[in-house]
Structure formats: structure tokens, C-alpha cells
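Visitor: what follows is a protein structure lacking sequence information:
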């Protein structure tokens, strides 16, 4: 299965009153991680949108295991776990600086056109390995 | 079951390149919605933290049904679906300006102390109705 | 001069490790405040964009006086201080829950078309009082 | 004068309805840039806070020159332009992928203790070159 890793350092603005990475930001990190994975295939999501293919999120699940802190350099391992002509499913594991698992997540993306109608994504994407 | 409604207007900064509310912001809206629900009980989450009770999120699930747009006035219906001495489960339904369901979600919160150790929350909270 | 007030409660996600409203969020609040002012004229910024008039920010200045805290209900007083056919200048004063001045700011907006070229804004907007 | 460069790629969540980097995010990027500069001195801001020295922002100015787009890899050149025992002034220049100047900014930071009172910062910081 297609997978990759990306590293993101926790910004001050991404922490909250508890001094920890605010939980909503994991979704932003997942998004960066899966676009980095796409980049590793030699393309990028911006071009995909410019060609009329929009990947919209239809479902997300996150399990928060351990907190991440300001300035932590996190490693996100992203794996494509299921594909169809119109859907992509990713899972994500977020590891802290000492390798501990901070968070696990999963997303489902659907491919739509500029009017929001479901359409098949390019075959190279749904068949990427 | 305890439930309530809160209204939030989508800010420009909360939209993205597709012109829609970015999906991570729903988690921020859920958080505001459940603190508004707490406020309706005559208290607020800030006081709870100041008394040493921190509610940390351990799980979130979101199903995105229809997009929300810039300047839309959204209505979020929040319901406490399960409680225990140390955990709270909420569900959320987000409705757009014409009453359409945009998004459904669920969160699990655990009560911890200032060191991050699980502790029982005040009884009035776990037993609120 | 045209002016108005808007109230915004500080969200948990908008605080940072110091427990205070993160300084970047004041720009988001200014934006909400000036769109609320526009709404008080009987129109809204979304319609303005849909008619091909985009107000882009060219300059911002902020002086931070006192911190704002989680859950504070802030009052933002917004005033149009200068207008021209292609530019709008606003100033903002942000007051905390006991009326103390937390922050002062100013922005300059330019009106552009969909291609980013400067164009005159509708006369009712540049001449609003 | 002490200066350095940092690179930041624009995330999808950081764009807005115009398809451009939302203007408030430049402040977040400035913050990351100046903490990277601190890191290049062999320390980091987290340690500084843990030692009781908090750098709070008292003033910011930004001039927006050209828009930055989704997925652009921006280069931020950060320079310490003035120091005193209790204050640090930085300027920032943000360059787009083809070297064009997108944005210029300046910030003033004051050093405070955990109670928010002004205090002298460590000499190695105010005298860094």
C-alpha cells in the first residue's frame, strides 16, 4: 500500500490554554501529510484542482492517545488504505519526538467536479501504489 | 438528555480555496457549542479548569454531508449522549441557513487533572440533565 | 464617521500556551467586525464579492495593550476613518469584559476585480456615512 | 545584524475564499520565522518560557504587496533590527516561489515574567549578533 512520512513542528499559534497542540489542528496536519504523499508521486494537489478534480472530505475519525506539545517535531505516517474510482481512504499515525504514538486518524475523500458532483478521479490516482 | 443550540456565522478566515468552510473548523465549532451548553447550566468551562478539572478530547468523528459557505449562519444542536464519572460523550448536528444538515459529529471527553491523570469530574456535571 | 460595535467571545482554540488570545486572531476579529459594520448598512461582503468587488488588505497595524483571555466577551468598536473610490481605512478598538482597552488596530483595504486589478468600489460604499 | 531565513509551504487550511493565503496567517509565519532564528542560536523559545521568560508581542505592522497562493513555498527573511534589555524588534520579508516580495512586516516583543510584568531578558538574547 502507498504510504509516506512527513514531519511537522508544532507552532505556538497551534497550542491552546492547556499548553498542548489543539485537537482541531491534527486535521490540518493530516491534510498536509496526504498532500505531501501526493507530491511524492510526482504531482501535487493544486494541479489536480486546476484540472477540475476536487477531493472533498466526507468523513474523519481521530483517536487522541497522548498530547503533543509546543515545538515538538511530529512525524506523520500516512497510508492509503482503500481506493475506488471516486473515493480515497487514508489512515494517519502521528508520532511524537521520542517515537510515542500521539494520535491515530482516518479520512475518506470523495472526488467531485467544480459543481460538487461526484466524478471519477484520474486512474493514476485511484490506482497509485 | 441534555441538549442545546448555538449559532455561529462562518468567518472569511474559516473558508478555504474551495470557498467553503474548511473541515477542521467544525471541531472548533463543536467545542464552542459544548461550552455554550455548559454555560446554559449556569457555569462555564473556564471556571472548571480553574478548579483543576480539564476535559480533554480522546475521540472525534465527523461526517460531512453538505458544504457550509462563507457568511452562513449555522445552527449547532448539541446533545450529551452518554456520561460516566470520568467521560462525556456529545453528538452534534450542524444545520445550514435553510435548515439542511451540513454535518454530524461526535466527541468523547475525559476528565483529567493538571498533570493529565484521569479523575472524576464534579457530580453535577456527569449527572447534568 | 461610520462606526459600529460587534461582540466576539474568545474560543478555546484561539488561545495559546500562555493562556491568552493568540495575537494573530485579532486580525480575524477585525475582519469579522468590519463585515458586521457592512452588514449594518443593509448589505454583506459576500454579495459584494459575488458582484465582482473584492476588498483586499494592503496594510495592517496592531498595538497590543492588555491580554485577552479564554471565554472573555470582547467588544470591538470599528470606525471608517478614511475612504477614497478605491480604498477604505478602518480603525478598531478592542475592549475586554470590564471595559479595558486590550488592543488598537488599523487596516487599509483596496478594491480589486476578480483578476486582482484595482477598480473603484460602488459609490454607496466609499461614500457610506 | 542577526538574520536568518526559513521556508514555509502554504497549507490548504491557510487559504481563503479568494484562493490566497489569508492575511492573518502571516503573523503565524512571522512567529515561526523568529523562533527558527532563535533556534539557529542554539536554543529555543520553549526553553526560554520554561525558564520564566515570556516574549509577548506589543506591536505588529504588515504591508501586503502581492498575494501568496496555496502550496507556494515561501521564504521568510527575518532580521533583528533593534534590541534593548526588555525589547526585541524584528523585521520580516516574505518572498514567493519566484523571488517576488509578497509581504513585509515588523514586530516588537517585550520580555515579561509569568505574571506579565516587564523584566530584562537574558543578556545573550538581547546582545545576540
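Guide: Everything's here; your move. Here the structure is a predicted model, which means the values were calculated and not measured.

Visitor: list the contacts of the residue most central in space within chain A.
Guide: In chain A, the residue lying closest to the centroid (CA atoms, centre = their mean) is residue A:30, at 2.9 Å. Residue A:30 makes contacts with A:60, A:76, A:78, A:90, A:92, A:105, A:107, as judged by CB atoms under 8 Å, 6 or more residues apart in numbering or on different chains. C-beta: built from backbone N, CA, C; applies to glycine.

Visitor: who does the second one form a beta bridge with?
Guide: Beta-bridge pairing of residue A:76, defined through DSSP bridges, involves residue A:6, residue A:94.

Visitor: give me the neighbour count for it.
Guide: Using other CB atoms under 10 Å in any protein chain shown, residue A:76 is surrounded by 24 other residues.

Visitor: isn't it up against residue A:35?
Guide: No - using CB atoms under 8 Å, residue A:76 is not in contact with residue A:35; the gap is 11.5 Å.

Visitor: next one: the most far-flung residue of chain A relative to its centre relative to chain D, how far apart?
Guide: What lies farthest from the middle of chain A is residue A:17; by CA atoms, centre = their mean that is 25.3 Å. If you measure residue A:17 against chain D using CB to the nearest CB, to the nearest Å, the figure is 14 Å.

Visitor: which residues sit against the least confident helix or strand in chain A by mean pLDDT?
Guide: Ranked by mean pLDDT, DSSP states H and E, the weakest helix or strand in chain A is helix A:123-126, scoring a mean of 92. Here helix A:123-126 makes contact (CB under 8 Å, 6+ apart) with A:38, A:41, A:48, A:53, A:83, A:84, A:85, A:86, A:88, A:120.

Visitor: how about the helix or strand harbouring the third one: buried residues?
Guide: Using DSSP states H and E, the element containing residue A:48 is helix A:45-50. Residues of helix A:45-50 classed as buried by neighbour count (16 or more other CB atoms under 10 Å in any protein chain shown): A:45, A:46, A:48, A:49.

Visitor: what is the burial count for residue A:126?
Guide: 16.

Visitor: what's the answer for residue A:121, then?
Guide: Using other CB under 10 Å: residue A:121 sits among 22 other residues.

Visitor: check contacts around it.
Guide: A:53, A:55, A:85, A:86, A:88, A:111.

Visitor: okay if I get the buried residues of helix A:45-50 as JSON lines plus pLDDT and distance to residue C:66?
Guide: Formatted as JSON lines, these follow (pLDDT from 0 to 100; distance: CB to CB, whole Å):
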{"residue": "A:45", "pLDDT": "95", "distance to residue C:66": "42"}
{"residue": "A:46", "pLDDT": "95", "distance to residue C:66": "41"}
{"residue": "A:48", "pLDDT": "95", "distance to residue C:66": "46"}
{"residue": "A:49", "pLDDT": "94", "distance to residue C:66": "43"}
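
Visitor: from these, which are also near chain B?
Guide: With CB under 8 Å from any CB of the partner chain as the criterion, the buried residues of helix A:45-50 include residue A:49 near chain B.

Visitor: which of the buried residues of helix A:45-50 sits closest to chain D?
Guide: For the buried residues of helix A:45-50, the closest approach to chain D (CB to the nearest CB) belongs to residue A:46, at 4.4 Å.

Visitor: quick check: the gap between that closest one and chain C.
Guide: Separation of residue A:46 from chain C (CB to the nearest CB): 18 Å.

Visitor: and what of residue A:42?
Guide: 30 Å.

Visitor: also residue A:54?
Guide: Noted for residue A:54: a distance of 19 Å to chain C, by CB to the nearest CB.

Visitor: which one is that residue nearest to, not counting chain neighbours?
Guide: When the adjacent residues along the chain are set aside, residue A:54 lies closest to residue A:112, with 5.1 Å between them (CB to CB, 6 or more residues apart in numbering or on different chains).

Visitor: tell me the spacing between the closest residue to residue A:16 other than its chain neighbours and residue B:17.
Guide: Nearest residue to residue A:16 in three dimensions, chain neighbours excluded: residue A:22, at 4.3 Å (CB to CB, 6+ apart). According to CB to CB, to the nearest Å, residue A:22 and residue B:17 sit 22 Å apart.

Visitor: mind listing the residues bridging to the closest residue to residue A:87 other than its chain neighbours?
Guide: Nearest residue to residue A:87, sequence neighbours excluded (CB to CB, 6+ apart): residue A:110, at 5.5 Å. Listed beta-bridge partners, residue A:110: residue A:56, residue A:87 (assigned using DSSP bridges).

Visitor: who in chain A is up against chain D?
Guide: So far as CB under 8 Å from any CB goes, chain A lies against chain D at A:9, A:11-13, A:27-28, A:31-32, A:35, A:44-46, A:69-71.

Visitor: okay, the contacts of residue A:30 in TSV with secondary structure and pLDDT next?
Guide: Converted to TSV, the contacts of residue A:30 look like this (DSSP: H, G, I helix; E, B strand; the rest coil; pLDDT from 0 to 100):
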residue	secondary structure	pLDDT
A:60	strand	98
A:76	strand	98
A:78	strand	98
A:90	strand	98
A:92	strand	98
A:105	strand	98
A:107	strand	98
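
Visitor: of those residues, closest to residue A:4?
Guide: Nearest to residue A:4, judged by CB to CB, of the contacts of residue A:30 is residue A:78 at 5.7 Å.

Visitor: verify the contact between the closest one and residue A:1 for me.
Guide: No - taking CB under 8 Å as the definition, residue A:78 is not a contact partner of residue A:1, at 10.5 Å.

Visitor: those two: which is more packed in?
Guide: Neighbour tally, residue A:78 and residue A:1, criterion other CB under 10 Å: the higher count belongs to residue A:78, 27 against 10.

Visitor: do you know how far that one is from residue B:75?
Guide: 34 Å.

Visitor: give the contact list for the residue nearest to residue A:16.
Guide: A:14, A:15, A:16, C:12, C:13.

Visitor: the spatially closest residue to the first one that is not a sequence neighbour: neighbour count?
Guide: Nearest residue to residue A:14 in three dimensions, chain neighbours excluded: residue A:25, at 4.7 Å (CB to CB, 6+ apart). Per other CB under 10 Å, the neighbour tally for residue A:25 reads 22.

Visitor: so how far is residue D:35 from residue A:25?
Guide: On the measure of CB to CB, residue A:25 and residue D:35 end up 17 Å apart.

Visitor: ok, residue A:125 next?
Guide: On the measure of CB to CB, residue A:125 and residue D:35 end up 36 Å apart.

Visitor: neighbour-wise, which of those two wins?
Guide: Remark: of residue A:125 and residue D:35, residue D:35 carries more neighbours, 22 against 19, as counted by other CB under 10 Å.
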